[in-house]
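> My questions concern the predicted model and sequence given below.
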Amino acid sequence: MELPLQVSFRHMEHSDVIEEMIRERAANLDKYATDIMSCRVVVEPASKHHKNGNPYDVRIDLTLKGEEIVVTREARQRAESKEIRVAIRDAFDAARRRIEDYVRRRRGEVKVRIEPPHARIRTLVPHADHGFLETADGREIYFHRNSVLNGGFDDLEVGMEVAFAEEMGENGPQASTVKPVGRHQHKYNPKPTE
């Protein structure tokens, strides 16, 4: 890392070997984001007791354009933190993942879950194995028995809320899949009638 890097050892002896390891890992972060403005790493023993090895806490503070990332790996979070090299590796791995998230957000690549549209069952024609949905904007969508997930056609009722996937059929829009929506979800908002 060419940008300012500050390494601190608290309540412990300074170690050139550990500092070099931190410097190498910090330099590696430049591969994931070129706009890291500063990096501060603090390593300290979690306690003053030396009975079963001394677990270590590692904190990394990164300043990037428009954001600060703080990663803390505390010994009480992970049993492996007793080994200082493992604690440092885990902290830098977490920092790398957070930087990757930052870069995706900056590029606008954050995955957004798109909910399928919702509608209500308007008409059921059981003897003909089909029905019609009414969408929130008042459109009518045909669906067939085979479009209802998990073979649930016979469990449908007029007025029931469903999620659906729409496609264009030979005679207009139709639902390729229909799935009943649980009672706790209410996404169907019909246009107010005038």
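Looks like it arrived, so ask away.

> ok, M12 - contacts?
When contacts are counted by Cβ atoms under 8 Å, 6 or more residues apart in numbering, M12 touches 43-45. Quick note: C-beta positions are derived from backbone N, CA and C, even for glycine.

> could those residues go into CSV alongside distance to E13 and secondary structure?
What follows is the contacts of M12, written out as CSV (distance: Cβ to Cβ, whole Å; DSSP: H, G, I helix; E, B strand; the rest coil):
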residue, distance to E13, secondary structure
V43, 11, strand
E44, 11, strand
P45, 10, strand
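
> The lowest-mean-pLDDT helix or strand in the chain: partners in the sheet, and parallel or antiparallel?
Scoring the helices and strands of the chain by mean pLDDT, DSSP states H and E places strand 67-73 at the bottom, with a mean of 86. Strands that pair with strand 67-73, judged by DSSP bridges, come out as strand 56-64 (antiparallel).

> and the partner strand, what's its mean pLDDT?
Strand 56-64 carries an average pLDDT of 91.

> May I have that strand as CSV, with CA atoms only?
Taking C-alpha atoms only, strand 56-64 is exported to CSV below (Å, rounded to 0.1, in the frame of the first residue of the first chain):
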residue,chain,number,x,y,z
TYR,A,56,-5.5,-11.2,20.0
ASP,A,57,-7.9,-8.5,18.9
VAL,A,58,-7.2,-6.9,15.5
ARG,A,59,-8.9,-3.6,14.3
ILE,A,60,-8.5,-2.2,10.8
ASP,A,61,-9.7,1.3,10.0
LEU,A,62,-9.8,2.2,6.3
THR,A,63,-10.7,5.5,4.8
LEU,A,64,-11.9,5.4,1.2
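
> which parts of that strand are buried?
For strand 56-64, the neighbour count (16 or more other Cβ atoms under 10 Å) marks 56-64 as buried.

> Show me the contact partners of it.
Here strand 56-64 has contacts from 29, 33, 35-46, 68-75, 81-84, 87-88, 90-92, 95, 98-99, 102, using Cβ under 8 Å, 6+ apart.

> List only those of these flagged as buried.
29, 33, 36, 39-41, 43-46, 69, 71, 73, 75, 81, 84, 87-88, 90-92, 95, 98-99, 102.

> The longest helix anywhere in the chain - contacts with which helices or strands?
Ranked by residue count, the top helix of the chain under DSSP state H comes out as helix 84-107. Counting contacts by 3 or more Cβ pairs under 8 Å, 6 or more residues apart in numbering; DSSP states H and E, helix 84-107 packs against helix 16-29, strand 36-45, strand 56-64, strand 67-73.
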